[in-house]
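Trainee: generate a structure from the sequence data that follows.
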Amino acid sequence: MTQFSVSLDKIAQQLKLEVVYTPRELKDIPIYTADVNRPGLLLTGYDEYFDPTRIQIYGNAEMGYLSTLQEAERRSRIHTLFATKPPALIITRHLTVVHEFIEFASQYGVPVLRTTESTSGFMSALISMLNIELAQRITRHGVLVEVYGEGILILGESGVGKSETAVELVKRGHRLIADDAVELRRVSNRSILGTAPENIRHFIELRGVGIINVARVFGLGAVKMSQEVDLVVELEPWDKNKRYNRTGLESEP
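Mentor: As a prediction, this is how the structure comes out:
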């Protein structure tokens, strides 16, 4: 199974994180897991099941606990955390960065960032982003459109009319997400998110016309960056020898 990653720089930019310390450029630091962790138990000395591959989130609870310890013990607990070499430590609520953090972060090469957001709110936003960026994905030949808020993935052989169908829907006020190549990401056990590769985003190809920029021709309201797939429709050429059911409610024996 392919393992995807997202750079710490992209996370910092999207979530507006302040860089306190970094051993190298954030774009060169990959994140591989969508799970995050609060290191409270590790700071108390319990290290069973601790996963050092996760981003560590430091908030009021961790700060409050460390403030109850004597200096030597506090240094030891902080050292234990950084010695596991997590991919990053993010401090929430714009809490004060104690000097031991910078000391051990520098020693073990652990990036330290900070946000003004609350711990729970930030964790929710971070996990949501990581689930999308690190989701398993495939690319399918088809068209993805949003019709009345529902994501419809249109499949079919080349030339069957997928792009023409999408344009007619856009002309009626619906929105295009992707044409020709649809990148599908499994963001959870219940949902698949569709988007377009960046190099063809907002473009659609029509036979006899060429490639058009949907956003420029129909306006920004005619396109969308991504959409959850709710329905899959497969188009096929009309076969005059085949018996079709108009409603689809009857089944042939």
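
Trainee: strands of the stretch 101-250 of the chain, start to end?
Mentor: With strands called from DSSP state E, counting those that start in this stretch, the stretch 101-250 of the chain shows them at 112-114, 136-147, 150-156, 175-186, 192-195, 203-206, 210-213, 226-235.

Trainee: for the first one, which strands pair with it and how are they oriented?
Mentor: Paired with strand 112-114 in the same sheet, following DSSP bridges, are strand 18-21 (antiparallel), strand 89-91 (parallel).

Trainee: off-centre distance for that strand?
Mentor: With CA atoms, centre = their mean, to the nearest Å as the basis, strand 112-114 stands 20 Å off its chain's centre.

Trainee: now swap in the last one and tell me
Mentor: On the basis of CA atoms, centre = their mean, the separation between the geometric centre of strand 226-235 and that of its chain is 19 Å.

Trainee: any idea of the mean pLDDT in that strand?
Mentor: The pLDDT scores in strand 226-235 average 93.

Trainee: repeat that for the fifth one.
Mentor: Rounded to a whole number, the mean pLDDT of strand 192-195 is 94.

Trainee: contacts for the biggest helix by length in the chain?
Mentor: The residue-count maximum for a helix in the chain (DSSP state H) belongs to helix 119-133. Helix 119-133 is contacted from outside by 4, 6, 10-11, 14-15, 31, 33-36, 38, 55, 57, 59-61, 90, 92-93, 115, 117, 185, 187-188, 193, using CB atoms under 8 Å, 6 or more residues apart in numbering. For the C-beta atoms, the positions are set from N, CA and C on the backbone; glycine is no exception.

Trainee: how about stretch 183-197?
Mentor: Here stretch 183-197 has contacts from 131-132, 135-140, 144, 151, 153, 177-179, 181-182, 201-202, 225-229, using CB under 8 Å, 6+ apart.

Trainee: can you say which of the strands paired with strand 112-114 is packed in most?
Mentor: strand 89-91 (a mean of 25; mean count of other CB atoms under 10 Å).

Trainee: just the CA trace of stretch 146-163, in CSV.
Mentor: Only the C-alpha atoms of stretch 146-163 are listed here, as CSV (Å, rounded to 0.1, in the frame of the first residue of the first chain):
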residue,chain,number,x,y,z
GLU,A,146,-22.0,18.8,-7.7
VAL,A,147,-25.8,18.8,-8.3
TYR,A,148,-27.9,20.4,-5.6
GLY,A,149,-25.2,19.7,-3.1
GLU,A,150,-24.8,16.0,-4.1
GLY,A,151,-21.5,14.8,-5.6
ILE,A,152,-22.1,12.8,-8.8
LEU,A,153,-19.3,10.8,-10.4
ILE,A,154,-19.9,10.2,-14.1
LEU,A,155,-18.1,7.3,-15.6
GLY,A,156,-18.1,5.7,-19.0
GLU,A,157,-16.1,5.0,-22.1
SER,A,158,-14.2,7.8,-23.9
GLY,A,159,-16.6,9.7,-26.2
VAL,A,160,-19.8,8.6,-24.5
GLY,A,161,-20.6,12.2,-23.5
LYS,A,162,-19.4,12.7,-19.9
SER,A,163,-17.9,16.2,-20.4
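
Trainee: need the residues that contact that stretch.
Mentor: Contact with stretch 146-163 is made by 140-145, 165-166, 169, 174-177, 179-180, 182, 184, 194, 204-207, 224, 227-237, as judged by CB under 8 Å, 6+ apart.
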